[in-house]
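Novice: could you look at this predicted model? Sequence included:
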Amino acid sequence: MSTADELKAKGNAALQAENFDEAIKHYTEAIQKDSNNHILYSNRSAAYAKVGKYAESLQDAEKTISLKSDWPKGYSRKGAALELMNKQDEAIKTYEQGLKFDPNNQLLKDALKNCKDNLETPLNFGGSGAGGMNPFADPKFLANLAMNPKTRGLLSDPEVQNLLKDLQKNPNDIGKLLSNPKATQLLGAMFGGMGGGGMFDNEEMQTEEPKPTPVPEEKKPEPKSEPKDERTSEQREAAKEKDLGNEAYKKKDFETALKHYDRASELDPINITYMTNKAAVYFEKNDLAKCIELCEKAIEVGRENKADFTLIAKAYARIGNAYYKQKDLKNSLKYYNHSLSEHRNPDVLKKKQQIEKEIKEEEMRAYINPEEAEKEKNLGNEAFKKGDFPAAMKHYNEAIKRNPNDAKLFRNRALCYSKLMEFQLALNDCDQAIKLDANFVKAYVQKGSILMLMKEQAKAMSAYAKAIELDPDCQEAIEGYRSCAMSSDPEEVRKRAMQDPEVQQILSDPAMRLILEQMQTDRQAAQDHLKNPAIKAKIQKLIEAGLIQVR
């Protein structure tokens, strides 16, 4: 069964391949498994927009925002859906709302500008063209182009705008558009699915948009200028202090590391990285309360200053680590879940799953009570004697939960399963009983009787033979073995056994054939050969196949 992440990846691949209905199907299945993952709703919103289901696209975009209100892409999705529904005023408000969370988000800034231009530009995309079927007059055409990362930048080009105006008036004059290298991209978007791929989100793996093929130029490329460092002098000094702290931390010089991190926090008090780094030092020093306190403060400061969600996720995860070190599994799980709601880090996800497993095991151990198990077993025995097998099963199940290491309980439940004609389940319980107690004679006898009912005479004989080996005076095992031998047709057993590839391999081995001949005439040689685990396993296989009988 696929996980939510696997289904999301399938949806992304389908969206890239422009199989939009398939993408919607995969995203919907992923949402059923992880209904709180905002990325899944965002991706499905994009897919709905591609197939013209703008209301559904808007609904998913709003759900994205409700799950993660500070994520800019949610507002981009909602604004695009509103534009496609010809609700430009609402789209503008949505883009502006998103920019409050991330004022420097280029995607939202471009979308807002293009949306405003749609309202203010003299282009008349509501008019009719020649013959009343002018595609350039479709109100959704410009909105689709504005939503596509490949084409939105060209809409602000005056030359392209003038060409589009002319085409509104006379769509037959399309030759002008084809002669312009920039504008041909707009036609490609129009006739290639109104936007193409690049619409999905994947926080673990971002993919770059393919860039348009540039027009070849003879000019030599200008040397790239170094990006301008817009940090203040205090922020640059704080970064240096952090680097010094990291060096000291690696050397386990924790006091020196703390001094540098403290100085970094003084210089740049809203950068929560310095706080979580200090928390890491206290974690190593085993001062877990201080570690938790610093991480909680980092989260508070981060929320106030709109810190990157990955940094907040890291602070939550560090709190989870601290509680795990304190063996407080429930609180540890709580904070790992908080971390994953901010950012789905694979390492944190593995830790969460491990803790869930440990909590379940801990609850099972806490439930163990041999005295209660004995009471339940006795109640089960009474119900079994009365022929009330479902009631007996209920008590045996509870007894096993209370004492899962008691082999007798599994053997009793196997008897109950046999009465209910659940032979495979009965056989499984016999094997578990033998696993817990390799010398449990009654478990081997019970296994033999179940195998007889399943028409597996050769395997039944093997189980009875093991019981006789452990207790030569066990009459039930002796009678069972004799019954198997009498009911078996030697020729039929031989034919069935020879169809087994493993049996064929054993009998075709010249060394094994020689050993079998020696064992028939020399008892001491047989005992010596059985000391070899490999030979013993092969002999056991031949016994189970019914080709060798134990006397």
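Specialist: It's in.

Novice: ok, residue 402 - contacts?
Specialist: 367, 368, 369, 370, 372, 373, 376 (Cβ atoms under 8 Å, 6 or more residues apart in numbering). In short, each C-beta sits where N, CA and C put it, glycine included.

Novice: let's see 10 Å
Specialist: Contact analysis of residue 402 by Cβ atoms under 10 Å, 6 or more residues apart in numbering lists 367, 368, 369, 370, 371, 372, 373, 374, 375, 376, 377, 409.

Novice: do residue 253 as well
Specialist: Residue 253 neighbours (Cβ under 10 Å, 6+ apart): 245, 247, 259, 281.

Novice: tell me the pLDDT at it?
Specialist: Note on residue 253: pLDDT of 94.

Novice: thinking again about what came up before, buried subset of the contacts of residue 253 as a ChimeraX selection?
Specialist: Per 16 or more other Cβ atoms under 10 Å, the buried members of the contacts of residue 253 correspond to this ChimeraX selection:
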select :245,281
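
Novice: residue ranges with poor pLDDT in the stretch 1-150 of the chain?
Specialist: Scanning the stretch 1-150 of the chain for pLDDT under 70 picks out 1, 119-150.

Novice: which of the three states applies to residue 387?
Specialist: What DSSP: H, G, I helix; E, B strand; the rest coil gives for residue 387 is coil.

Novice: quick check: it touching residue 420?
Specialist: No. The criterion here is Cβ atoms under 10 Å, and residue 387 misses it with residue 420 at 11.4 Å.

Novice: with neighbour numbers in mind, choose between these two.
Specialist: residue 420 (14 against 9; other Cβ atoms under 10 Å).

Novice: pull the number of nearby residues for the nearest residue to that one once chain neighbours are set aside.
Specialist: The shortest distance from residue 420 to any non-neighbouring residue, by Cβ to Cβ, 6 or more residues apart in numbering, is to residue 389 (5.4 Å). Neighbour count of residue 389, defined by other Cβ under 10 Å: 17.

Novice: and residue 393, by the same measure?
Specialist: Neighbour tally, residue 393, other Cβ under 10 Å: 20.

Novice: cool, residue 30 as well?
Specialist: 26.

Novice: tell me what the helix or strand containing it is packed against?
Specialist: Using DSSP states H and E, residue 30 maps to helix 20-33. Judged by 3 or more Cβ pairs under 10 Å, 6 or more residues apart in numbering; DSSP states H and E, helix 20-33 is in contact with helix 4-16, helix 38-50, helix 54-67.

Novice: buried sites along stretch 14-30?
Specialist: So for stretch 14-30, counting by 16+ other Cβ under 10 Å, buried means 14, 15, 20, 22, 23, 24, 25, 26, 27, 29, 30.

Novice: show me the shaky parts of the protein.
Specialist: Scanning the chain for pLDDT under 70 picks out the ranges 1, 119-156, 166-226, 488-494, 496, 544-551.

Novice: wait, residue 326 sits on residue 335?
Specialist: No. Look at residue 326 against residue 335 with Cβ under 10 Å: they stay out of range, at 11.8 Å.

Novice: now do the closest residue to residue 98 other than its chain neighbours against residue 109, distance only.
Specialist: Leaving out its chain neighbours, the residue that sits closest to residue 98 by Cβ to Cβ, 6+ apart is residue 75, at 2.7 Å. The spacing between residue 75 and residue 109, counted by Cβ to Cβ, to the nearest Å, is 12 Å.

Novice: one step back: who wins for neighbours among the contacts of residue 402?
Specialist: For these, neighbours tallied by other Cβ under 10 Å; top is residue 409, 28 neighbours.

Novice: C-terminal to whatever helix or strand that residue lives in, what's the next element?
Specialist: If you go by DSSP H and E, residue 409 is part of helix 407-419. Proceeding N to C from helix 407-419, the next assigned helix or strand is helix 423-436, under DSSP H and E.

Novice: if we can go back for a sec, what's the closest of the helices and strands packed on helix 20-33 to residue 474?
Specialist: Taking Cβ to Cβ, helix 4-16 is the member of those nearest to residue 474, at 52.8 Å.

Novice: coming back round to it: between residue 326 and residue 335, who's got more neighbours?
Specialist: residue 335 (25 against 14).

Novice: does the more buried one really touch residue 314, like I thought?
Specialist: No. Shown here, residue 335 and residue 314 do not form a contact pair, counting by Cβ under 10 Å, at 11.4 Å.

Novice: which ones among the contacts of residue 253 map onto helices?
Specialist: Among the contacts of residue 253, the members found in helices (DSSP state H) are 245, 247, 259, 281.

Novice: can you list the buried residues in whichever strand or helix holds residue 400?
Specialist: For residue 400, the element it lies in under DSSP H and E is helix 389-402. For helix 389-402, burial by neighbour count (16+ other Cβ under 10 Å) applies to 389, 391, 392, 393, 394, 395, 396, 398, 399, 400, 401, 402.
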